[in-house]
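Novice: Here's a sequence, model it:
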Amino acid sequence: MPDIFNFLFTGETKTEFTFATTSQLFNPRTRNWEPELFSALQVPISIMQQIVQPATKMGTLRTSIAQELSLAEIPVTAVASHDTGSAIAAIPAEGADWAYISSGTWSLMGVELPQPVISDEAQESNFTNEGGVGGTFRFLKNIMGLWLLQQCRKEWSAEVQYDYDEMVKLAEQAVPFRSLLDPDYSEFFNPASMPGAIRQFCQKTSQPVPATHGQYVRSILESLALKYRSTLDQLERLTGRRIKRIHIIGGGAKNSLLCQYAANATGATVIAGPVEATAIGNIMIQALAAGCVGSLEEIRRIVRQSFEPVSYEPRDTEVWQQAYERYKDLSSTIH
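Specialist: Predicted coordinates:
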């Protein structure tokens with residue numbers, strides 16, 4: 001779809017790198033289309049477009065469109081058209097000892113690497129290698145996000161209209177670690193009732209069923225943080241990196257309790273923001289194409305100077321470690 005828009009704007013038929021990598025027709029080692037796959041499908045590889053990097057100038061706006069809109073024939077840039085690719089470009093990070101969580105309905109958690117990680121263990125752990133800006137790879141895992149909370153809020157709206165700050169306050173007043181969930185449990189993907197699915201999970205795992213809305217919210221946020229810890233352990237093992245900081249971007253960066261719980265569970269400093277990282281990254285990649293900035297590092301420096309992220313340091317790590325051991329036992333028995 002992004003390539004179709006670029007074609008309609010410019011008449012140029014090219015495929016942008018970050019999107020090509022999600023097609024399952026791309027070989028991340030050769031960084032090109034994989035002939036063996038096209039041969040197996042009996043489709044000529046010649047139909048595929050040239051793959052271009054983010055910040056490539058695709059062409060200029062078609063004359064007919066420019067005239068219709070009273071615009072000049074302005075340049076059209078291939079941004080990181082996979083939205084997470086643009087978001088990761090706008091992370092205000094330095095060095096290499098960091099991971100990210102693009103947090104919203106889903107959580108995409110990973111690291112930025114110069115080369116893909118392709119192994120049996122990576123596949124078994126459900127990690128993927130998606131293209132990033134500057135020829136990098138986003139080695140990441142798609143895990144559950146705030147979907148559980150959103151669906152509970154939707155059902156509760158029939159009786160009470162909570163905003164997210166009110167839900168956080170309810171969770172803060174609830175008993176900690178009363179009921180833990182595996183956020184990726186299959187019955188949570190699209191249940192008729194999310195609170196009902198949570199109750200059934202707790203019954204199945206011999207845990208207390210949440211009795212108040214605050215207990216539901218706390219259970220969800222604590223469990224998401226422990227899922228982040230589990231994924232972080234996998235990332236460190238698969239990449240050999242020691243992660244000291246986690247950047248949370250997207251809507252979840254506004255949830256202060258989730259960010260603090262993520263720091264507590266992982267033992268890493270959590271840096272939250274910017275929220276609108278996708279739009280910021282898109283704009284900055286266009287600036288890179290225009291020569292206004294010179295590199296991905298400079299983009300991130302500008303983001304650091306333009307926004308004020310909020311930092312969360314780990315607290316109560318021993319208590320959270322005990323909860324994590326319980327979470328691991330629970331996850332191993334439910335699957």
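Novice: What about P274, how many residues nearby?
Specialist: Residues within reach of P274, counting by other Cβ atoms under 10 Å, total 22. The C-beta positions use only the backbone N, C-alpha and C, and glycine is treated the same way.
Novice: measure it to L330 for me?
Specialist: Separation of P274 from L330 (Cβ to Cβ, to the nearest Å) stands at 34 Å.
Novice: same question, S23
Specialist: S23 is 36 Å from L330, by Cβ to Cβ.
Novice: in which helix or strand would I find the residue in the chain sticking out farthest from the centre?
Specialist: Distance from the C-alpha centroid of the chain, by Cα atoms, centre = their mean, peaks at Q67 (38.9 Å). Using DSSP states H and E, Q67 maps to helix 63-68.
Novice: More neighbours: S23 and L330, which one.
Specialist: L330 (20 against 12).
Novice: how about low-confidence regions in this protein?
Specialist: 335 (pLDDT under 70).
Novice: For it, which segments count as helices?
Specialist: Counting by DSSP state H, the chain has helices at residues 2-10, 17-20, 35-41, 63-68, 83-89, 120-124, 147-156, 164-172, 194-204, 213-239, 256-266, 277-289, 296-306, 317-334.
Novice: Output the contacting helices and strands for the fifth one.
Specialist: Spelled out, it's helix 83-89. strand 98-103, strand 128-131, strand 137-144, helix 277-289, helix 296-306 (3 or more Cβ pairs under 8 Å, 6 or more residues apart in numbering; DSSP states H and E).
Novice: Can I get the helices of the chain in a markdown table including distance to R138?
Specialist: Shown next, in a markdown table, are those (distance: least, Cβ to Cβ, whole Å):
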| stretch | distance to R138 |
| --- | --- |
| helix 2-10 | 16 |
| helix 17-20 | 8 |
| helix 35-41 | 21 |
| helix 63-68 | 32 |
| helix 83-89 | 6 |
| helix 120-124 | 13 |
| helix 147-156 | 21 |
| helix 164-172 | 27 |
| helix 194-204 | 29 |
| helix 213-239 | 12 |
| helix 256-266 | 19 |
| helix 277-289 | 12 |
| helix 296-306 | 13 |
| helix 317-334 | 25 |
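Novice: of these, which approaches T105 most closely?
Specialist: helix 147-156 (4.9 Å; Cβ to Cβ).
Novice: one step back: ok, which of the helices of the chain comes nearest G95?
Specialist: It's helix 296-306; of the helices of the chain, that one is closest to G95 (Cβ to Cβ) at 10.5 Å.
Novice: residues making contact with the closest one?
Specialist: Contact with helix 296-306 is made by 89-94, 133-134, 136, 274, 280-281, 284-285, 287-288, 293, as judged by Cβ atoms under 8 Å, 6 or more residues apart in numbering.
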